[in-house]
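[1] Dropping a prediction and its sequence here:
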Amino acid sequence: MDGLNIPLNHVLLVSSLLFVIGLLGLMIRRNIIFILMSLEVMLNAAALAFVGAGAHWGQPDGQVVFMLILTVAAAEVAVGLGLVLQIQRRFKTLDMDHANRMGG
Amino acid sequence: MNSSSMMALLPILMLSLTVVVLMIQASIKRDQSIAWMITGIGFLVSLWAAGYARGFTQTVTVLLSVDDWGLYFTTLVLLASVVTLVLSKDTFSPEGERKEEFYLLLVLSVLGAVVLIQSTHMVSLLLGMELMGVALYAMIAFPERGQLPLEAAIKYLVLSACASAMLLYGFALLYAATGDLSYAGIGTKAILAYAQNPVLVISGTVLVLAGICFKLSLVPFHMWTPDVYEGAPTPVTGFLATVSKGAVFVALARFFIEGQLYQYSSLIGVLSMVAIASMLIGNLLALKQNNVKRLLAYSSIAHFGYLLVVLVALAYQDGPLVNEAITFYLGAYILTTLLAFSVVATIAGEEEEKNDITFFEGLFWRKRIQAIGLTVAMLSFAGIPLTAGFMGKFYIISVGIQSGLWWLLAALVMGSAIAIYYYLRIIFAMSKASKISSDSPTQAQDLLVIVLVAMVIMLGSWPQPFIEIAGRL
Amino acid sequence: MRELIWLIPLIPLLSSVTLMLSSGKFPRLLIGLLGVGSVGSAALLTLALGLDFMANPEVLQLTLWTWMQVGSFAPGVAFYFDGLTLVMMSVITGVGFLIHLFSTEFMEDDVSYARYFAYLNMFVAAMLVLVMADNLLLLYLGWEGVGVCSYLLVGFWYQNSANGQAARKAFIVTRIGDTAMALGLLLLFTELGTLNIQSMVGAANESWQVGDTLPLIACLLLLGGAVGKSAQLPLHTWLPDAMAGPTPVSALIHAATMVTAGVYLIARTHGLFLLAPTAMLVVAIIGITTSLIAAFTALMQSDIKRILAYSTISQIGYMFLALGVGAWTAGIFHLMTHAFFKALLFLGSGAIIHCLHHEHNIFKMGGLRSKMPVTFWSFMIGSAALAALPMTSGFFSKDQILLEAYQFPDIGPWLWFAGLCGALLTAMYSFRLVFVVFFGQVKTKPDKDTGWRMALPLSVLCGLSLVGGYFIIPVESVFPMSTGTHPAHWVEYVSISVPLVGLLLAYLIFQSGQLRVDGLVNSAIGKIMRQFWLSGWGIDWLYERLFVRPYYAFASLLKAEPVDAVYGLVVTFNEALNGWLSQSQTGRMRWYITSMVAGLVVLVAVALQLSPEAI
Amino acid sequence: MIMVNLILILLVGGLLAMISERFGKNVPRIVALGIVLIDLVYLLSQLSGMSDLTQLQAPIPSDPGTWLMHFKAEWIPAFGISLELALDGISLLMVTLTLVLGAIAVSASWTDIKIRRGFFEANLLWTLAGVLGVFMALDLFLFFLFWEVMLIPMYFMIAIWGHENRGYAAMKFFIFTQVSGLLMLISILALVSVNQSATGQWSFSYFDLLGTPMSEKVAHWLMLGFFIAFVVKLPAFPFHTWLPDAHTQAPTAGSVILAGILLKTGAYGLIRFAVPLFPEAAMDFSYVAMALGAAGIIYGAILAFGQTDFKRLIAYSSVSHMGFVLLGVYAWNELALQGAVMQMVAHGFSTAALFMIAGALQERLHTRELREMGGLWQHMPRMGAVAMFFVLASLGLPGLGNFVAEFLVLLGLFQVDPWMTAVAALGLIAGAVYSLMLMQRSFHGEPNPKLTEMGLVDFGTREMITMVVMMLALIGLGIYPQPLLDMAQPVLQSLLEVTP
């Protein structure tokens, strides 16, 4: 198929960057909202990699999986946000370092 | 999709049907006891279906393979769910909560587990795992008051989402390397791909394994376990410890076997490290733990460490013994864990402080049956003869010996040595004399404990029939 | 009737058991009858047996049953009866009977009368087994049995822990010797394949040459047992302390019978010792040294019983000398006579102590000659015999020993000379005792004189001490004839005269006081020597520091269980790890994620490391 | 089937004893005593039907047909595991000893146990059942099962009815034995899989596993697994440290069972499994083992001397005495082995009796501390005399069982290594030292004024009967041990033939 074709490695590079950014976000951010966003980033990094790989192999599977990942991410975030509401209500904060009673 | 494949998928279909019925019922008349009934019936029907489906074992599309092994675990998972159901009825009833959704979520989660068990493809793996997981988050956070459940839920959500991200990314890399997403396909093509680009394959696989290891709470992905175990409502914890972990391990085994990962010495090395670390660290963490639920969490870390030995052994032998070992050990572990958690659920209920070991003092003289149940569970965990746990250890050790995994065995011995201490602590606490008085458990709970004890003892003292079953799978 | 020989030890044993089971319920008369009667009947039986033996002297070997049988090791509970056995048995039962009789009065107002006689009868039984055994294992049984009875009787008045101390010392010190002896038994069985004394000696003579190493080792090990029981160097320290027991006990066990068991053992196994001349030399030297050291110590003591104890050690030294030089008959002869006069002396002192309400210090006594005539005369006769004044029993035996010692090759004369010094000292300390206690002015008034139950045994023993020297003991068939020409006459004269000199010296110093020794005694060197001798040449002091204290220190050192500490270390290590790991469970999600990521990175890195193609 | 019944009677009896508490606080002890005696009588009655025990023929280790009894039933055929029990002279001795001491232990618990008597007696009987299993099981899986399971009731006995520091002691006891047991399990499985790879089929039967061909290295490792498990139980220096705590903290009956029976399972295991299964390896190893034994004798004796706690002192004396057993086993000739067996029996009685005396004293004085005793003879002459007897027995007085045992061991050992014998013989001296010290501190010496007004009661009839039984046993063993020797002889004979 014609049109621009990007070498797989580049795609993987970008996606891995995204993935790492997401991880860093998870590690650094305290606010649960941002944490959820970083999760999105990571999931999408994987999705991107799938698309790129799918393109590389000339298969539709990549895109299919991409769709799946979107839905999954949506589900996760939906539940996540529901929890966020409750957290705000019961902990009176969204800072995960403070919403922390268990340990040891 | 011919009829026979439908038959093969019967368990899944039945569960899905249950979900639908529950929804409809909820829309007509909200009544938790009815919902409870429906769920129970649903589980029973699916149990029957699981039995029925054995006549139609086959691979349905590339996604699922319905085989005896899978169906065996399906049955096991359904049994565990029934137990969870029984427990959850009494757990939530005091609070005037809306509970129908809980059963809905339960069924959904089980559905996910069953899919996971039968998955032979990355996509079905993803779907199953997420279906199970997402429902589980909600179940953990289900109680309307209290902070711990919520904290546990959010931690579990974020961390496991992170883990699934790793898993997905790993699969992405594998896909990029091999161009295939089914385990078998990966297995066959990975060898070529490895020759061209080992880094991609290896890091991909390791990422996938990391994602799975998280669900099994293996070191170094174990940290969430105690918090989630402690925070979640006890029946849910039991469910998590049995259904979720069991299903995930089956998936891991399938991936490992069909993906022929045991060929890669590097992966074996990594897995051995994880196993040894889990056995030692898990037990060490539990050593002086006073919260029984956390203690069980740590011990579960160690137990899946033991189970990894079997996978490692695959690299050195492909005997029926390995499959048997997995089948038997998982079965024994699930039964024992159910027993332990049903006692804890009955004794401790949902009050946080009641999970402390001091609350179990003198249990022998207060609630004999429950105490005996917990004792048997602890002995089985510790691998004392006549209990299921011993036969499990027996399998693992013999597999380990036949593959000459002396290092892993050494770790196993050390781990068990440490483990004896904290299991005994609980038994000793129960044998103490104490003045704590508490409401006596209901008939149902006692009956449940008795049944489970009988099964655990049975599995340990007369395992022949089970061995034959496991051998046939 | 000889087949009934087994009755002789059995009767005292039974009466002992009966008395134990009675747990003090019996009336005193019955207890006395049982205690004395049993030994008396044993004595009668022995007498009958003796007469029968005189009639036709043939040895008897009687096996009651096989004690244990493992492979070729099959010691029997079996008795061997010959002249030597007869001598020993007569001494044990005869003297034993007299002492039992004496005890009935001596112990009359003691609360645990029954226990006393139970132990005493038990002792007689064990001692009889010792001398009648036909194999070394059964002998060992009697050997340990008498040891235990000695322990029980020395510590008879247990409320005073000093007595317990003495009793333990007695048992443990002898136990050291016994252990050596046990090793000797092991060696003998391993080498010769039997413990039956007769056949063992036979086998030894076949398989060993004179002067071999193995017999030497075996004999030295047996000697270890002998010196332990017979209170010879270096294991003699227990005997003086053992005087803590009731005086009749000292008379029976620590003078007449048990302490001579070592002599009996060596005499019994002389066949072995003849194969090891070195061992015999050792025996002789031990004997003479002990007798000298003990004599010096005896000269300094002021406790009447300790004087007698040291003199006993010294006299047994003579017996060892005899054995060492091969004068077997003389040795056994001296054993017998010594049994007579030493028992006499002890009983005499017992009478004094009894009548002087338990006064032991001789310098608090005096002038008892008129108050207690019987005791006085028994002491006179006993001391005369002890000092070996001519015509007394002691004279014959000791003279014989000295003469035979003189003929011993090489160092014979020296041994003889040392023996003479010993004899001189013996005469001095024995008459020192007599003069101090019975002459001079009265210091303590006796509240009573001896009753007939005390007087009778004393008088009988007086007689024996006087005429005992004319007995002929039927052991010629047991021992090889002592060859050797009769030494020059002057030797004999000197040997006879030396005790008289000693007597004279004692008189001059302690009685008439014409010979002033105060200057000598009070001089600096004199003081030191006196102290040194008084303390028994400081040997106790030495052992205390060499063995006892180190053992205590070691025990208290180990009390903390070093081994357990190691396991404790493991525990603490695990707990430390647990604490450290629990720290990591902070509950902070970001930390959890970070650790996950770190773990992931490590795993990937390791995996890549491990797969060679990757790098 | 007889052997199965022997075990079943005790198991069921345990349940009965537990239930019987409903009918009164004192019923369980009677029930328990009855059960043990029934078991004993049953055993003897079955024996009378058998061939004259003094004329036993040597059983061929690898042929169960030649044994006194043999029972085999399928259990887990998938792994070739079967319920296989067999009885030969030594097992018979041990079983009888177990039942006799079991009865004595019940008597020891008569007044000692105040709470939950039913459950206590049940645990006691179950422990006995487990021990019987250990002595009779000839299927290694079954053996291991009994080996582990008998610990649980024992654990409860210590943990529930023990003294001030029971939790620690019980835990220590359990962990030591469990860990060593795990090593043995690995050895067993490895041995089985070696055998399986050789013969092609799974079997845990002793008779099949005897003479399994394996490389020297493997043999050494596997032997070590068994050895450690057994010497921990024995216990041998330096694995003995669980014992003083367990013995001191356990209730009297528990100590009696521990010292009298449980320790013997270790010795039995050495004789039955550790050596015959790996003859060459064991023989190569024998010097180390003997050194451990000698070290244990001396070490135990010295530590016993250092103790001021009555029970602790006896516990250490057991360490010392069991050292002789280890020496006897690894000297591995008939004399020494006979000595070891004799020691197992004699020590069973003497130590059990001493523990009962300790228990009786604790009941009366509420202390085990020797410093607070002294002059007790005055108040309790009977107990004093009894104590004296058993103290003399334990210091090896000729004419009592322990002497025969120790002398035979030394005699056998001397033929192997005189120097080791000399070292072990020092134990006799040290033994005298601590035994007499015990006597001095407790029953002799100045009477402690505090005790006089306590109104101490001497041994009663029940206690005296128990004691007299043991005294007679020891005297019998001391002056006519032949029946025992004859019973063990053929077995030892055949075992000796197994080794090169």
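    Ah, there it is. Numbers count the residues shown, from 1 in each chain, chains lettered A, B, ... in the order given.
[2] which ones are touching C:Ser291?
    C:Ile313, C:Ser314, C:Gln315, C:Ile316, C:Gly317, C:Tyr318, C:Leu321, C:Gly419, C:Gly422 (Cβ atoms under 8 Å, 6 or more residues apart in numbering or on different chains). From N, CA and C alone the C-beta is placed, and that goes for glycine too.
[3] Please produce a PyMOL select command covering the buried subset of these.
    With 16 or more other Cβ atoms under 10 Å in any protein chain shown as the criterion, this PyMOL line picks the buried residues out of the contacts of C:Ser291:
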select buried, chain C and resi 313+314+315+316+317+318+321+419+422
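[4] Give me the subset of the contacts of C:Ser291 lying in helices.
    C:Ile313, C:Ser314, C:Gln315, C:Ile316, C:Gly317, C:Tyr318, C:Leu321, C:Gly419, C:Gly422 (DSSP state H).
[5] which among the residues you listed gets closest to chain A?
    Closest to chain A out of those is C:Ile313 (74.8 Å), distances taken as Cβ to the nearest Cβ.
[6] Just want the residue of chain C that's nearest chain A.
    Nearest residue of chain C to chain A: C:Gly587, at 2.9 Å (Cβ to the nearest Cβ).
[7] what kind of secondary structure is that residue in?
    Three-state call for C:Gly587 (DSSP: H, G, I helix; E, B strand; the rest coil): coil.
[8] Correct me if wrong: C:Asp303 contacts C:Glu359.
    No - using Cβ atoms under 8 Å, C:Asp303 is not in contact with C:Glu359, being 10.1 Å away.
[9] Report the two of the contacts of C:Ser291 separated the most.
    Distance extremes for these: the farthest pair is C:Ile313 and C:Gly419 at 15.0 Å, using Cβ to Cβ.
[10] The residue of chain A found nearest chain C - nearest residue in space that isn't next to it in sequence?
    The minimum distance from chain A to chain C, using Cβ to the nearest Cβ, falls at A:Gly103 (2.9 Å). Using Cβ to Cβ, 6 or more residues apart in numbering or on different chains and skipping residues adjacent in sequence, the residue nearest A:Gly103 is C:Gly587, 2.9 Å away.
[11] what mean pLDDT does the host helix or strand of C:Ala294 have?
    Element membership of C:Ala294, judged by DSSP states H and E, is helix C:277-300. Mean pLDDT, computed over helix C:277-300, is 89.
[12] residues of it that come out buried?
    C:277, C:279-300.
[13] same question, stretch B:284-298
    Neighbour-count burial for stretch B:284-298 flags B:284-287, B:289, B:291-298 (criterion: 16+ other Cβ under 10 Å).
[14] From the residues you listed, list the ones also adjacent to chain A.
    Among the buried residues of stretch B:284-298, the residues lying close to chain A (Cβ under 8 Å from any Cβ of the partner chain) are B:Arg294.
[15] residue of chain A with the smallest distance to chain D?
    A:Gly104 (22.7 Å).
[16] which sections of chain B are below the confidence cut-off?
    For chain B, the stretches with pLDDT under 70 are B:1, B:92-98, B:435-441.
[17] How about the residues of it by chain D?
    Proximity of chain B to chain D is confined to B:379, B:382, B:384-386, B:394, B:397-398, B:401-402, B:409, B:413, B:416-417, B:420-421, B:424-425, B:427-428, B:431, B:433, B:462-464, B:467-468, B:471 under the rule Cβ under 8 Å from any Cβ.
[18] Try it again at 6 Å.
    Within chain B, the positions lying close to chain D (Cβ under 6 Å from any Cβ of the partner chain) are B:384-385, B:397-398, B:401-402, B:413, B:416-417, B:420, B:424, B:428, B:431, B:464, B:467.
[19] in the one helix or strand in chain D whose mean pLDDT sits lowest, what counts as buried?
    Every helix and strand of chain D was ranked by mean pLDDT, DSSP states H and E. The lowest is helix D:449-452, at a mean of 74. Within helix D:449-452, the residues scored as buried using 16+ other Cβ under 10 Å are D:Leu451.
[20] downstream neighbour of that helix in the secondary structure list?
    The helix or strand immediately downstream of helix D:449-452 is helix D:461-479, counting by DSSP H and E.
[21] ok, now which ones touch the closest residue to D:Gln362 other than its chain neighbours?
    Using Cβ to Cβ, 6+ apart and skipping residues adjacent in sequence, the residue nearest D:Gln362 is D:Arg368, 5.5 Å away. By Cβ atoms under 6 Å, 6 or more residues apart in numbering or on different chains, D:Arg368 lies in contact with D:Asp309, D:Phe310, D:Lys311, D:Gln362.
[22] Any quick ChimeraX command for the buried ones out of those residues?
    To isolate the buried ones among the contacts of D:Arg368 in ChimeraX, judged by 16+ other Cβ under 10 Å, type:
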select /D:309,310,311,362
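[23] can you tell me which two in the contacts of D:Arg368 are farthest apart?
    Pairwise over those, using Cβ to Cβ, the maximum falls at D:Asp309 and D:Gln362, 10.3 Å.
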